[in-house]
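S.K.: Predicted model, plus sequence, below.
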Amino acid sequence: MNTRLPDGVRGWVFPAHLDDTCVVAQRIGSEVTFGTLCHPITGEAISYRTDTESAVGFAPPPLAAQPQSTV
């Protein structure tokens, strides 16, 4: 199987046994960069499950309703 990260697209990197992550990746050309996101005010790491939407009136669905990776 030959799969590729789309060029310029950022995404979360999930370990197969976890339902949350703080690692993001991006491919530009032939280089893949890994990193983390930090809250601009508190400096704390932002994970996939960090609530970043409720302050603007959006609440994510509960954990059980979240899609699970099949990779």
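M.R.: Looks like it arrived, so ask away.
S.K.: Residue 25 pairs with what?
M.R.: Counting by DSSP bridges, residue 25 forms beta bridges with residue 11, residue 34.
S.K.: That one against residue 9, yeah?
M.R.: No - counting by CB atoms under 8 Å, residue 25 sits too far from residue 9 to count as a contact (9.3 Å). Yep, even glycine has a C-beta here, placed from its N, CA and C like the rest.
S.K.: In terms of neighbours, single out the busier of those two.
M.R.: Using other CB atoms under 10 Å, the more surrounded residue of residue 25 and residue 9 is residue 25, with 14 against 10.
S.K.: OK, contacts around the more buried one?
M.R.: 5, 10-11, 13, 32-35 (CB atoms under 8 Å, 6 or more residues apart in numbering).
S.K.: Adding neighbour count, write these out as TSV.
M.R.: Converted to TSV, those look like this (neighbours: other CB atoms under 10 Å):
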residue	neighbour count
5	13
10	13
11	12
13	13
32	11
33	10
34	9
35	12
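S.K.: Which one of the residues you listed is nearest to residue 42?
M.R.: Nearest to residue 42 out of the contacts of residue 25 is residue 35 (CB to CB; 17.6 Å).
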